[in-house]
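Colleague: Just a sequence and a predicted model for now, questions to come.
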Amino acid sequence: MTERRDTGLDPHEVTRLAIERRLSRRQFLAATGATMATAALAACAPPASSTAASQAPAASSGGGASAPAASAPAASAALGDTMTLATWPNYHNPDVIKAFEQQSGVKVNLTVFGSTEEMEAKIRAGNSGIDVVVPSNYAVEGWVADKLIQAIDYARLPGFKREDWNARFMDQAFDKGNTHTLPKNWGTTGIAYRSNKVTDDIKSWKQFFEIAGTKYAGKTVIVDHQISSIGSAAVGMGYSLNTIDPTEMAAIEKMLSALKPKLYAISSDVQPPLRNEDSWLTIAWTGDGVQVARDNADARYVVAEDGGELWIDSYSIANDAPHVAAAYAFLDYILTPTNAALETTFCLFPHANDKVTALLDPAIRDNAIIYPSPERLAKLEYAVNATYNSPLRAETWARIKASA
Amino acid sequence: MVAASTPVAAKGRSPAGPRGAPVRLLLIPAALWYLVFLIAPLVVLAIISLGERATNGGYEPALTLDQYASLATRFTPFTNTIVLAFGGTVMCLLAGYPLAYVLATRAGSWKTVLMALIVIPLWTSFLIRTYAWMFILGSNGVPRLLESVGIDVQLLNTPFAVLLGIVYNYLPLMALPIYVSLERLDRSFLEASRDLGAGQVATFRQITLPLSAPGVISGCLLVFLPVMGEYLIPVLLGGGKTYFLGNALADLFLQSRNWPFGSALATAFVLFVLVVVGLYTWLARRLTAPGREGGVL
Amino acid sequence: MARPRPRPVGRAEWLIDRALRSYAVLAYLFLFVPIAVVVIFSFNAGRHAAELLGFSTRWYESAWSNVFVLKALRNSLLIATSTMILATVLGTTSALALESSRGRLKAAFEQLTYVAIIVPGIVIGIAALLFLVTAFSWLNPWLAYFAPESPPRLGLGAHSVVATHTLFTMAIVNVLVRTRLRGMDRALIEASADLYASPWRTFRQVTFPQLLPAIVGGALLAFTFSFDDFIVAFFTAGQDQTLPIYLFASIRRGVTPEANAIATVLLAVTIGSMVVTGLLIRRSRAVGPVDPARALAAAAGGAGGGRAGSGSTAAAVPGVAVVPE
């Protein structure tokens, strides 16, 4: 494919960008041993012994009188002295955070989660002390409905220019008009493979699911995530990513159940087998694609041409945020193009603001893994809340995993 | 409740240690602990199982038996895993019985030590025992050795690996009760059988095997019931392609956030275990009436 | 207690005998070799099993310098020690109290102990999680009400793991101590009473020393189960990590020699505590006619198997049915 550029990053880039732990969210979980067990459980208050959770001192809620750092401007007295950010692993450039802290006098407490469910559990509990939170698109509707996040007052974001932002990622169905969220990173669900072993030119989900069970039987992995796996299978069979139509689901179930014995594994930890070539072909997310490609010259990541999943992680403000002023200050700061560009350069996830894209290093901007071509992007769909919560999807997925 | 405050001189079934009401008070801390951390959670589980899944996941208070009703229809996926669990149990039996037999009949004074040796793996981490096979069956273990002689085979993430994991982890649990039951066998039966001209095989088939049946059943229960609730083995050795009840429970709570159904499944599982074990215990007690040796089932 | 062994009569029988013995040897190898393999390769300088590059402790060094590993190890040790203390105290006191009890109270408590051992670990983990999370969500607003300055906030963590671990380990200690109590020689106690010793003194100087092996054995058993447990901690640990939880997450990331090193450390702690138990039991062999090792093996191996699996049930069954009292 001529339009596809070199999917590996040049070594100088790697060195320049290399930070100690450049891990995808799942790898971060593995590295820290963080358990998924608190995921999806409501009312999970931050434990006293947790290192990750921060306790916003009650005194500073509503703009406390704690003395700001000596060099901070007087305005910081109104912002308070801390702000809590609930986010994903390695989503933020530490330099940018530090610069913000110095400029505003507000200390940023970073709380990291491995899954939307975990984040949701904390937020639902209430009194979590979290100010800014970064949910995935498919959870947003539910969060708005359950009043977990508050509407954004754009008057308090003086630096925000709506026209700069890419329409593909704004004003989407999960948050019409972006009343409650602003995109931070977006990403895709695509196909990662080792071109040394997979000689085919991988183009579509249809093709993926065909060769998975035949030519590459025993060497393919699909993720243990119904949205991505059932969704991609649906796309391959010509249905919508979000289908919950019983007939279509039955057909998908049949296909995937027949495929299952021929898979190498059903696991969301796609990188280990791909790296040591136990698997040659796998469903993967942008972050996985970026990292494996960075370390292996023959590794590729493609967005399928028949469609697939597009996801966005967005900034939003918790409904009971104790430091709303600080939250706005942070958002305003982090969303200015220069700072956003620094963030993207660090974590290698694509940004939704076109001005930001323009500021990026060409190596990143032209990297088709990070920024797939517009044609490919156009066919991708967002997963919706109904799919996320669909009992039919959950049961189908369970039946597929349990099939003989 | 008889207050046993009679003097120590009473013989017979006198309890050891200080007696009386103050001693019984010692039960309170433990009882409280059970109440708070065992009973209350199980009650909460049961209550949630009567509820409904909230639209965005979690629990919505309700009083309905829908979850239990749907157990029947949603249980069909598990028929496959029951087959696998059953297969694992049978293999465990085939592997464990001879071992227990040798120990009971051929070990002499080494019995206790050898028995303790079998029990030792039970005390080590289940996770490590499962991981050991991941290591051995993984691409950098045995398959790589086989590759050097030209055999290309995938051992990990197969039903074979899962069965192997089951046998490996549960072998001691199977062997132990069989051993106990064989050991208590009255040798006079065997000698009588010999005297009456039966060969070794026939004696085994007609005397030993039936008399060891309680141990066999006990061992099978000890393996089959927990195996159904397995989580680690299907995940680590099965590559996510095998799906036991434990995996279903984890998914229901962590992925699809369907608390009520998950609770119903968990409650049903617990009830099933309690009933089966209770039934077995009652049966065994009935058939092991005083005067009968070993229990004949 | 040697029973006369039936001498193999014919060639066929001799063959069967040989076959059975060989099988037993193979079975033992089967049981222990995989664990040995994990340990051996933790010292392998090479990264893969296929590269046996020689002895090296580099994986231990790398694990030791991993701050998350150390934190997990610290949590595990803390949890296991707390569980051991609580389980021993609660298990022993309840065993003693039970022996002085009769009737329905006794039966009811016995059932509770039984249920605690028999309910699969995964269900205990899930149920405890649901309960604690619900309880905390009720309690936290009250705490905030009473102490608005900086409200203590209850949540899941090491303490909730200790609570649930204590649950089934104390049941095991209870069973062990009661088995020992029942098997004790009454003559000694009665003799002590006949010599005008008070009940408390009898307990302290006669009963308790005899009980000690069971108590100590139970304590160490509680420690190892808590230290090794994965499935219950997985659900109840909240943001805290125990070493098995860390190991699990690390394994999912891929089989690495560092995981072998961590696994070996886990094994060392377990085996170490078992050796200590064995030694202590051996020392007290002279104390009573009841063979403590046997009681321990039977009851412990039985009850102990209860937490063997990730979704396990009790081996109280052999303790109850096959060895009926």
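Modeller: Structure's in. What do you need?

Colleague: secondary structure class for the residue of the stretch 301-404 of chain A found nearest chain C?
Modeller: Nearest to chain C, among the residues of the stretch 301-404 of chain A, is A:Asp320, at 12.1 Å (C-beta to the nearest C-beta). To be clear about C-beta, it is placed using only N, CA and C from the backbone, and glycine gets the same treatment. State at A:Asp320, reduced to three classes by DSSP: H, G, I helix; E, B strand; the rest coil: coil.

Colleague: Same check on the one 10 residues further on?
Modeller: Using three-state DSSP as the criterion, the local structure at A:Phe330 reads helix.

Colleague: List the contacts of it.
Modeller: A:Met83, A:Leu85, A:Phe100, A:Ser104, A:Val106, A:Val108, A:Asp131, A:Val132 (C-beta atoms under 8 Å, 6 or more residues apart in numbering or on different chains).

Colleague: hmm, 10 Å instead?
Modeller: If you count contacts by C-beta atoms under 10 Å, 6 or more residues apart in numbering or on different chains, A:Phe330 has them with A:79, A:83, A:85, A:97, A:100-101, A:104, A:106, A:108, A:131-132, A:315, A:317, A:323.

Colleague: Among these, which are located in strands?
Modeller: Using DSSP state E, A:Met83, A:Leu85, A:Val108, A:Val132, A:Tyr315, A:Ile317 are the members of those that sit in strands.

Colleague: Was I right to think the last one contacts A:Thr179?
Modeller: Spelled out, it's A:Ile317. No: counting by C-beta atoms under 10 Å, A:Thr179 is not a contact partner of A:Ile317; they are 11.6 Å apart.

Colleague: Pick out whichever of these two has more residues nearby.
Modeller: A:Ile317 (25 against 13; other C-beta atoms under 10 Å in any protein chain shown).

Colleague: show me the contacts for that one.
Modeller: A:130-133, A:149-153, A:156, A:180-182, A:323-324, A:327-328, A:330-331.

Colleague: Could you measure from it over to A:Tyr328?
Modeller: 8 Å (C-beta to C-beta, to the nearest Å).

Colleague: again with B:Leu271
Modeller: For B:Leu271, the distance to A:Tyr328 - C-beta to C-beta - is 53 Å.

Colleague: So for these two, which sits in the more crowded spot?
Modeller: A:Tyr328 (23 against 11).

Colleague: Which residue is the nearest non-sequential neighbour of that one?
Modeller: A:Arg156 (4.3 Å; C-beta to C-beta, 6 or more residues apart in numbering or on different chains).

Colleague: Check what pLDDT that neighbour gets.
Modeller: We have a pLDDT of 90 for A:Arg156.

Colleague: what do A:Ile317 and A:Tyr328 both touch?
Modeller: A:Asp131, A:Val132, A:Ile152, A:Asp153, A:Arg156.

Colleague: which residues in the stretch 151-300 of chain C form helices?
Modeller: For the stretch 151-300 of chain C, applying DSSP state H, counting those that start in this stretch gives helices covering C:158-183, C:186-194, C:199-202, C:208-228, C:231-236, C:243-253, C:257-283, C:292-295.

Colleague: Relative to the whole chain's centre, how far out is stretch B:45-60?
Modeller: Here stretch B:45-60 is found 29 Å from its chain centre; the criterion is C-alpha atoms, centre = their mean, to the nearest Å.

Colleague: and the end-to-end length of that stretch?
Modeller: 13 Å (C-alpha to C-alpha, to the nearest Å).

Colleague: related to what we said a few turns ago, Serialize the contacts of A:Phe330 to TSV and add fields for pLDDT.
Modeller: Below are the contacts of A:Phe330 laid out as TSV (pLDDT from 0 to 100):
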residue	pLDDT
A:Leu79	78
A:Met83	89
A:Leu85	89
A:Ile97	90
A:Phe100	92
A:Glu101	90
A:Ser104	89
A:Val106	89
A:Val108	88
A:Asp131	90
A:Val132	93
A:Tyr315	94
A:Ile317	94
A:His323	87
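
Colleague: Quick check: the farthest pair among the residues you listed?
Modeller: Spatial extent of the contacts of A:Phe330 (C-beta to C-beta) is set by the pair A:Glu101 and A:Ile317 at 18.7 Å.

Colleague: residues from the stretch 201-325 of chain C in reach of chain A?
Modeller: For the stretch 201-325 of chain C, the residues in contact with chain A (C-beta under 10 Å from any C-beta of the partner chain) are C:231, C:233-256.

Colleague: now, which of those lie close to chain B?
Modeller: C:231, C:234-236, C:243-245, C:247-248, C:250-252, C:254-256.

Colleague: Okay, now the unreliable bits of chain A?
Modeller: A:1-77, A:114, A:125-127 (pLDDT under 70).

Colleague: Chain B contacts on the stretch 51-200 of chain A?
Modeller: A:115, A:117-118, A:120-121, A:124, A:139, A:141-143, A:145-146, A:148.

Colleague: Tell me which of the residues you listed fall in strands.
Modeller: Using DSSP E, none of those sit in strands.

Colleague: what helix or strand does the residue of the stretch 1-150 of chain C found nearest chain A sit in?
Modeller: With C-beta to the nearest C-beta as the measure, C:Ser137 is the residue of the stretch 1-150 of chain C nearest to chain A, at 3.4 Å. Taking DSSP states H and E as the criterion, the element that holds C:Ser137 is helix C:121-146.

Colleague: Give the rounded mean pLDDT of that helix.
Modeller: For helix C:121-146, the per-residue pLDDT averages 85.

Colleague: Now do the buried residues in it.
Modeller: Within helix C:121-146, the residues that count as buried by 16 or more other C-beta atoms under 10 Å in any protein chain shown are C:121-137, C:140, C:144.

Colleague: now stretch B:276-285
Modeller: So stretch B:276-285, judged by 16+ other C-beta under 10 Å, has buried residues B:Val277, B:Tyr280, B:Thr281, B:Ala284.

Colleague: Which one of those residues is nearest to chain C?
Modeller: For the buried residues of stretch B:276-285, the nearest to chain C is B:Ala284 (3.8 Å; C-beta to the nearest C-beta).

Colleague: how much space between that closest one and A:Phe330?
Modeller: 67 Å.

Colleague: thinking again about what came up before, most neighbours among the ones in strands among the contacts of A:Phe330, which one is it?
Modeller: A:Met83 (30 neighbours).

Colleague: That one contacts A:Ile334, correct?
Modeller: No: between A:Met83 and A:Ile334 there is no contact under C-beta under 10 Å: 11.2 Å.

Colleague: Need the overlap of contacts for these two.
Modeller: With C-beta under 10 Å, 6+ apart, A:Met83 and A:Ile334 have common neighbours A:Phe100, A:Val108, A:Val132.

Colleague: Next, find the distance separating the residue of the stretch 51-200 of chain A found nearest chain B from chain C.
Modeller: Going by C-beta to the nearest C-beta, chain B is nearest to A:Gly142 of the stretch 51-200 of chain A, at 3.7 Å. Using C-beta to the nearest C-beta, to the nearest Å, we find A:Gly142 at a distance of 19 Å from chain C.
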